[in-house]
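Enquirer: quick one, what's the 3D model for this:
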Amino acid sequence: MAQENARDEGTKDQIIAKLKENGVLSDDQMTMFKHEVVFHDAPSQRETRSRQRELDERFDEFNDHTFISAVIEYIVNHTPNDRCTRVYEDVVSVIPDSDYSYTSMPTARPARDTKGLHQNPETPFSASKAAPGSAKSNAELIDILVSTANLESRQAVYIRGVITWLDSMYDATGGTLTASSGLVSGGRLGRDHRLSDVPNHYVRDTLMNYIVTRLEEDRREKVKTAVFPDLSAAELEEYSDIIMQKQREIDEKEQAEWDEARQAYLRREAQRNSEAANLERQDTLIKEIDKSIDLTPKPGFAVRNYSKSGQSRICWSVLKPPIDVPGPHQGDGMSMEPEERDVEVGEDIDRDCDQIRAMIARFIQDSGWSANQFRWALSRHITRRQLINFLEKRGPSAGKQTHVFPLAWEFFKKREMLGYPISNTPNDAGVLQERDANRRTKRPSVGERGNTREKRTRRT
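Expert: Residues are numbered from 1 along each chain as shown. Predicted structure coming up:
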């Protein structure tokens, strides 16, 4: 703890020394400085001794993070906009990397030789044409823009922070920008990123972009001439056009990505709305179907053609409902019981479409299975819309050519032959009136060889 306090005190002393070197703070202004840092106000004309003691104690107790944040606010409030960035850079240069972070988010630390995304100039005017040694530094360029455009010092800190953060990127990730302070924690160099790490040509491009896209048109020429004195009027015009074109391309790409994202969202919403409408329609149909219809078998009504496309056999259990829990296995059918595998329902479909519809409605309403589970048990390829299309029809032969009809018949025929009712209501006795005759066509099941009554009681 003593080591940490000593380090904090050392950083404070260095920061105060830098503020004094840059003419932003003097010995006579220390009380005012402490007041702004601690109390965020100016000292009163009559300061009591207790108030002064509290001020000194709280100032000494400030850790580096809190102190640095307060100092940056002080720089913004007391430094002219024509040199704010340079003062800021000089002051934060004494802050150790470990004190840069104002966030608990983990900051990636890549290898120190990681190259940035802006190593090469993008236009013939990106690199300065000024004589060697006379080119404007990154901080000078920002100060010139801010002062010429009559922006506030706070805007200089913001512009500096955004440029530094963008240059900290590598492989679409990078440092962490604290917008209020303009400081960037971490980045492509394996340490906290600074404005001096940014290629000068990238700063020039970014500032030209700011001028032509953010400033009013009547201020642009004056600011461009001030920020880029190494370029002629013709070169400035060409440079502006190139940067504008690049920005248009970026905007068009972003707009296309946004449009695609919006369309994807609308498609999902439409699908959700459609699903909701289908669910409501399905529930309504199940309620409306006449469940009192005579279910007496009609041998020879249709032929189950297993070789026809879409009419393969049911491959899941008709006794155990499929999984209906959200997740990767939702809709997976359950394996057949041994006795189910022995059942051969044959090819004679002995119920018409209206009867099958009534059986579906009664089963979903009274068996404890959901409509989804029933549909999935038939086939994972049967959609809710297909089930609805079948349920909507009326008439003995209406729906005879659908995929749902033969699969639903097979489902109920298997349950019938195994001794299971359509639902858990007493009225199902009539549905199974032909059960014994039908069962003559299958091999004896496990139940027939032992406790038949125990095997054929209703499931709960």
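
Enquirer: so which strand or helix has the nearest residue to V91 once chain neighbours are set aside?
Expert: In space, and not counting its chain neighbours, V91 is closest to K18: 4.5 Å by CB to CB, 6 or more residues apart in numbering. (Glycine included, C-beta is placed from N, CA and C.) Per DSSP states H and E: K18 is located in helix 2-21.

Enquirer: which residues touch stretch 247-261?
Expert: Contacting residues not belonging to stretch 247-261 are listed as 209, 212-213 [CB atoms under 8 Å, 6 or more residues apart in numbering].

Enquirer: repeat the analysis, applying 6 Å as the threshold.
Expert: Contacts to stretch 247-261, defined as CB atoms under 6 Å, 6 or more residues apart in numbering, come from residues T213.

Enquirer: state the mean pLDDT of it.
Expert: On average, the pLDDT along stretch 247-261 is 93.

Enquirer: same thing with stretch 342-359?
Expert: For stretch 342-359, mean pLDDT is 94.

Enquirer: neighbours of A358, how many?
Expert: 20 (other CB atoms under 10 Å).

Enquirer: you'd agree it is up against T296?
Expert: No. Using CB atoms under 6 Å, A358 makes no contact with T296, being 11.9 Å away.

Enquirer: list the buried ones in stretch 72-82?
Expert: For stretch 72-82, burial by neighbour count (16 or more other CB atoms under 10 Å) applies to 72-76, 78-79, 81.

Enquirer: with stretch 152-170 instead?
Expert: Under 16+ other CB under 10 Å, the buried positions of stretch 152-170 are 153-170.

Enquirer: low pLDDT regions in the stretch 301-450 of the chain?
Expert: Within the stretch 301-450 of the chain, the segments meeting pLDDT under 70 span 308-311, 423-450.

Enquirer: got it, and the stretch 151-300 of the chain?
Expert: Checking the stretch 151-300 of the chain against pLDDT under 70 turns up nothing.

Enquirer: what segments of it are helices?
Expert: 153-167, 200-214, 217-227, 233-288 (DSSP state H, counting those that start in this stretch).

Enquirer: for the stretch 351-460 of the chain, same thing?
Expert: 353-366, 371-378, 384-392, 404-417, 435-439, 452-455.

Enquirer: nearest to Q245, of the ones you listed?
Expert: The closest of these to Q245 is helix 384-392. By CB to CB, the value is 48.5 Å.

Enquirer: and the angle from the closest one to helix 404-417?
Expert: If you take axes from the mean of the first three to the mean of the last three CA atoms, to 10 degrees, helix 384-392 sits at 80 degrees to helix 404-417.

Enquirer: measure N120 to E260 for me?
Expert: As judged by CB to CB, to the nearest Å, N120 and E260 stand 30 Å apart.

Enquirer: kindly report the same for L207.
Expert: L207 is 31 Å from E260, by CB to CB.

Enquirer: same check on K253?
Expert: From K253 across to E260, the span is 11 Å (CB to CB).

Enquirer: cool, and K129?
Expert: Noted for K129: a distance of 41 Å to E260, by CB to CB.

Enquirer: higher neighbour count, the two?
Expert: The neighbour comparison of K129 against E260 (other CB under 10 Å) goes to K129, with 13 against 10.

Enquirer: you'd agree that one is up against D230?
Expert: Yes. Under the criterion of CB under 6 Å, K129 makes contact with D230 at 4.3 Å.

Enquirer: list the contacts for R191?
Expert: Contacts for R191 (CB under 6 Å, 6+ apart) come out as D97.

Enquirer: how about stretch 269-286: buried residues?
Expert: Under the neighbour-count criterion of 16+ other CB under 10 Å, stretch 269-286 has 282, 285-286 buried.

Enquirer: what lies in contact with that stretch?
Expert: Residues outside stretch 269-286 that contact it (CB under 6 Å, 6+ apart) are 361, 364, 371, 384, 388, 391.

Enquirer: in the residues you listed, find the pair that's most separated.
Expert: Farthest-apart pair in the contacts of stretch 269-286 is A361 and R384; separation 15.2 Å (CB to CB).

Enquirer: those two: who's more crowded?
Expert: A side-by-side neighbour count of A361 and R384, using other CB under 10 Å, places A361 first with 22 against 16.

Enquirer: could you double-check that A408 sits in contact with I356?
Expert: Yes. If you go by CB under 6 Å, A408 and I356 touch, sitting 5.0 Å apart.

Enquirer: higher neighbour count, the two?
Expert: With neighbours defined as other CB under 10 Å, A408 and I356 compare such that A408 has more, 27 against 24.

Enquirer: and the gap between R214 and Q247?
Expert: For R214, the distance to Q247 - CB to CB - is 11 Å.

Enquirer: let me redo that: D192
Expert: For D192, the distance to Q247 equals 29 Å [CB to CB].

Enquirer: can you check R268 too?
Expert: 31 Å.

Enquirer: higher neighbour count, those two?
Expert: Between R268 and Q247, counted using other CB under 10 Å, Q247 has the larger neighbour count: 14 against 10.

Enquirer: can you tell me how far the more buried one is from I95?
Expert: Q247 sits 34 Å away from I95, going by CB to CB.

Enquirer: ditto for R313
Expert: For R313 relative to I95 (CB to CB), the value is 74 Å.

Enquirer: kindly report the same for A135.
Expert: Counting by CB to CB, the gap between A135 and I95 amounts to 26 Å.

Enquirer: neighbour count winner among those two?
Expert: Neighbour count, other CB under 10 Å: between A135 and I95, I95 has more, with 20 against 15.

Enquirer: tell me which element the more buried one falls in.
Expert: Secondary structure assignment for I95, by DSSP H and E: no helix or strand.

Enquirer: now do it against P121, distance only.
Expert: Taken as CB to CB, the span from I95 to P121 is 30 Å.

Enquirer: can you check R219 too?
Expert: 26 Å.

Enquirer: same question for E249.
Expert: 17 Å.

Enquirer: more crowded one of those two?
Expert: P121 (15 against 10).

Enquirer: next up, the contacts around that one.
Expert: Neighbour list for P121: 127, 201 [criterion: CB under 6 Å, 6+ apart].

Enquirer: for S317, grab phi and psi.
Expert: Note on S317: its backbone torsions stand at phi -60, psi 140 [degrees, to the nearest 10].

Enquirer: ok, it - how many residues close by?
Expert: S317: 17 surrounding residues under other CB under 10 Å.

Enquirer: could you do the one 5 residues further on as well?
Expert: Close neighbours of P322, defined as other CB under 10 Å, add up to 22.

Enquirer: which residue is the nearest non-sequential neighbour of it?
Expert: W376 (4.2 Å).

Enquirer: do the same with A179
Expert: Leaving aside its chain neighbours, A179 sits nearest to G161 (6.5 Å; criterion: CB to CB, 6+ apart).
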